[in-house]
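# no sequence on this one, just coordinates:
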Ligand SMILES: C[S@@+](CC[C@H](N)C(=O)[O-])C[C@H]1O[C@@H](n2cnc3c(N)ncnc32)[C@H](O)[C@@H]1O
């Protein structure tokens with residue numbers, strides 16, 4: 001893996017981590033090269049996104065009360081943050097989506113991750129850029145975490161809009177996607193129940209678990225399980241995948257484990273630091289073999 005600034009010409013002979021504005025970087029990447037582009041831009045919530053990491057130690061005079069009334073004190077270790085406010089969100093996205101379409105191979109697919117506040121406006125914009133006939137799916141990722149307001153239905157899903165470069169000629173490997181349990185296994189044969197079903201367009205999947213091994217602490221980090229389905233279905237072993245809003249580098253982590261090549265771009269130096277830590281450790285020989293690298 002190589003780490004480089006936006007101004008340097010990107011050469012796709014190794015996995016790349018590029019620091020800089022994706023509008024500039026995407027112009028320099030070769031057209032028609034990518035099996036898959038995953039875009040998870042800031043959702044235009046109008047606030048800074050931040051995640052605080054605390055160290056907690058037992059302390060009789062501490063500020064936090066835990067199980068059994070025991071007291072703990074907490075120290076702020078670090079705050080990871082990026083801004084999420086745009087004057088004209090669609091005008092920000094349009095040139096990046098237009099270029100994303102050009103970067104896709106003829107069989108390539110775009111996965112555009114967005115929340116319920118912007119999803120409908122983005123669908124219209126994507127229809128305009130890719131054509132309505134290129135619309136493949138609306139994926140709903142549903143999770144169950146966080147506060148639940150009592151004055152409306154708690155919003156616990158995000159939307160992933162899927163568009164292909166060439167309708168009908170896109171890559172989609174349904175058999176490569178891990179199966180999941182049937183909701184009502186009693187309604188199908190024992191053999192089918194044991195094999196599980198192919199996931200549909202509604203995905204129930206936890207957010208990144210607070211104590212899980214994949215947690216980096218970067219705000220809005222997406223779970224590897226969600227990205228694994230996307231990469232498995234819509235890219236080839238050894239094929240190139242791009243994430244222009246890479247954050248903590250979830251797409252890169254999944255590409256590594258599934259034997260795909262990747263280009264990750266982010267303008268936030270903190271994201272670059274997190275990605276370096278997450279992706280720099282060399283793969284062990286068995287992991288290299290699993291990922292198809294010699
Ligand atoms: C929602 S986060 C991505 C999270 C990522 N999918 C993950 O799993 O960690 C969006 C990222 O886009 C980056 N970003 C926003 N505008 C950008 C731009 N113009 N060029 C490059 N990166 C940008 C932010 O710094 C932030 O890290």
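Yes, it's here. Values in this document were obtained by computation on a predicted structure and should not be read as measured data.
# mind listing what's buried in stretch 177-192?
residue 177 (16 or more other C-beta atoms under 10 Å). C-beta coordinates here come from the backbone N, C-alpha and C atoms, glycine included.
# Quick one: end-to-end distance for it.
In stretch 177-192, first residue to last residue: 16 Å (C-alpha to C-alpha, to the nearest Å).
# And it, how far out from the chain middle?
Distance, stretch centre to chain centre, for stretch 177-192: 27 Å (C-alpha atoms, centre = their mean, to the nearest Å).
# what's in contact with it?
193, 195-199, 228-229, 232-233 (C-beta atoms under 8 Å, 6 or more residues apart in numbering).
# Give me the buried subset of those residues.
Buried, going by 16+ other C-beta under 10 Å: 199, 228-229, 232-233, out of these.
# which ones among the contacts of stretch 177-192 are found in helices?
When DSSP state H is applied, those are split such that 193, 195, 228-229, 232-233 fall in helices.
# and those near the ligand, which?
When C-beta under 6 Å from any ligand atom is applied, no member of the ones in helices among the contacts of stretch 177-192 is adjacent to the ligand.
# Could you single out the nearest of those residues to residue 208?
Lowest distance from residue 208 to the ones in helices among the contacts of stretch 177-192 (C-beta to C-beta) belongs to residue 228, with 13.1 Å.
# Return the residues in contact with that closest one.
178, 254, 257-258 are the contacts of residue 228 under C-beta under 8 Å, 6+ apart.
# Try it again at 7 Å.
residue 254 (C-beta atoms under 7 Å, 6 or more residues apart in numbering).
# any idea how far residue 24 is from it?
Computed as C-beta to C-beta, to the nearest Å, the residue 228 to residue 24 distance reads 30 Å.
# next one: residue 198
39 Å.
# How many residues are close by the residue of the chain found nearest the ligand?
Residue nearest to the ligand within the chain (C-beta to the nearest ligand atom): residue 247, separated by 2.6 Å. Per other C-beta atoms under 10 Å, the neighbour tally for residue 247 reads 26.
# close enough to count as contact, it and residue 217?
No - the pair residue 247 / residue 217 is not scored as a contact, 11.2 Å apart, by C-beta atoms under 7 Å.
# now the helices for the stretch 151-294 of the chain?
Taking DSSP state H, counting those that start in this stretch, the helices of the stretch 151-294 of the chain run over residues 190-195, 224-234, 250-258, 269-279, 285-290.
# quick one: average pLDDT of the third one?
Yep, that's helix 250-258 we're talking about. Here helix 250-258 scores 98 as its mean pLDDT.
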